[in-house]
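Asks: Got a sequence here, can you build the structure:
(one chain, ligands or ions: 2)
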Amino acid sequence: MSLLKSYFGRINEVAKSIIVGLGITWRYMVRPDEIVTIQYGSKKNSPVERYIPDRHRGIHYLETEKCIMCGMCAKACPVDCIHMEGTRDGEVEFGWQADKVVLTRFVLDLNKCIFCNLCTEPCPKECIHMGLEFDLAAYTRANGVKNLLTDQPWDTTVDAENEAASRVTIDELAAAKKKKKAEERAAKKAAKEAAEAAKAKDKPDNDDEPTDG
Ligand code: SF4
Ligand code: SF4
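Replies: Ligands and ions are numbered 1, 2, ... in the order given. The predicted model follows:
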């Protein structure tokens with residue numbers, strides 16, 4: 001008798017657990033907002049924003065239009081994984097900023113980053129942030145480097161080409177700036193010499209003055 005009781009008791013438990021399981025499935029089917037499992041790779045309807053706290057130290061992002069290329073973030077980084085290049089000489093074709101400061105390279109090597117947050121603290125413009133994104137998977141180490149100017153992994157062809165072109169433009173700008181300064185110096189010197197010559201000409205010649213007696 002007790003054997004029969006235990007047999008039917010187990011059937012009862014299994015039936016109950018199936019009903020409970022199906023109940024949960026049914027609930028998530030009709031109320032998908034409650035799903036807490038994040039499907040890997042899914043960006044659509046991802047509940048990441050809802051479940052990851054604001055202060056999470058995820059993959060960085062940069063507000064490029066605010067950055068003044070001061071390098072404070074790179075200096076603060078204990079593992080030296082931030083690198084930037086650019087110019088303060090004006091607009092270049094491949095720049096990412098419209099004002100005088102133009103960034104042409106701003107990369108962060110996530111292979112080395114320890115997510116310590118030290119880079120965001122000293123930023124005078126508060127423009128480098130640690131985001132909510134946490135997926136660091138990449139096929140190569142090169143893909144583990146993030147281009148903060150495009151907000152994408154570093155592209156060894158497109159980004160490298162853009163950067164090389166920017167570098168040429170920056171070199172041209174630097175040469176033009178140097179030339180302009182040299183011309184300005186020469187013009188200033190010539191003006192000074194002309195002024196001195198005019199002054200000397202206007203000055204009465206002491207030797208021609210009549211002498212007494
Ligand atoms: S989080 Fe830390 S290790 Fe990563 S880039 Fe910023 S300062 Fe460097
Ligand atoms: S500290 Fe801020 S403003 Fe300076 S280079 Fe870094 S991100 Fe740009």
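Asks: which stretches of the chain form strands?
Replies: Using DSSP state E, the strands of the chain run over 60-62, 82-87, 102-109, 128-130, 145-147, 152-153.
Asks: Show the average pLDDT along the longest one.
Replies: Spelled out, that is strand 102-109. Average pLDDT, strand 102-109: 88.
Asks: Select the longest helix from this protein.
Replies: Ranked by residue count, the top helix of the chain under DSSP state H comes out as helix 158-202.
Asks: rewinding a little: pipe the strands of the chain into a markdown table and attach mean neighbour count and distance to E163 per row.
Replies: Every C-beta, even on glycine, is put in place using the N, C-alpha and C of the backbone. Shown next, in a markdown table, are the strands of the chain (neighbours: other C-beta atoms under 10 Å; distance: least, C-beta to C-beta, whole Å):
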| stretch | mean neighbour count | distance to E163 |
| --- | --- | --- |
| strand 60-62 | 21 | 16 |
| strand 82-87 | 19 | 8 |
| strand 102-109 | 22 | 5 |
| strand 128-130 | 20 | 19 |
| strand 145-147 | 22 | 9 |
| strand 152-153 | 15 | 14 |
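Asks: With distance to ligand 2 added, can I get those in TSV?
Replies: Listed next are these as TSV, based on distance: least, C-beta to the nearest ligand atom, whole Å:
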stretch	distance to ligand 2
strand 60-62	6
strand 82-87	6
strand 102-109	8
strand 128-130	4
strand 145-147	14
strand 152-153	18
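Asks: To K203, which of the ones you listed lies closest?
Replies: strand 82-87 (47.9 Å; C-beta to C-beta).
Asks: and the angle for the closest one with helix 158-202?
Replies: Between strand 82-87 and helix 158-202, the angle comes out at 40 degrees (axes from the mean of the first three to the mean of the last three C-alpha atoms, to 10 degrees).
Asks: Distance of N143 relative to ligand 1?
Replies: Using C-beta to the nearest ligand atom, to the nearest Å, one gets 17 Å for the distance from N143 to ligand 1.
Asks: got a pLDDT number for that residue?
Replies: 84.
Asks: contacting residues around it?
Replies: The contact partners of N143, taken as C-beta atoms under 8 Å, 6 or more residues apart in numbering, are P153, W154.
Asks: Can you give me the end-to-end span of stretch 24-40?
Replies: Distance across stretch 24-40, first residue to last, is 21 Å (C-alpha to C-alpha, to the nearest Å).
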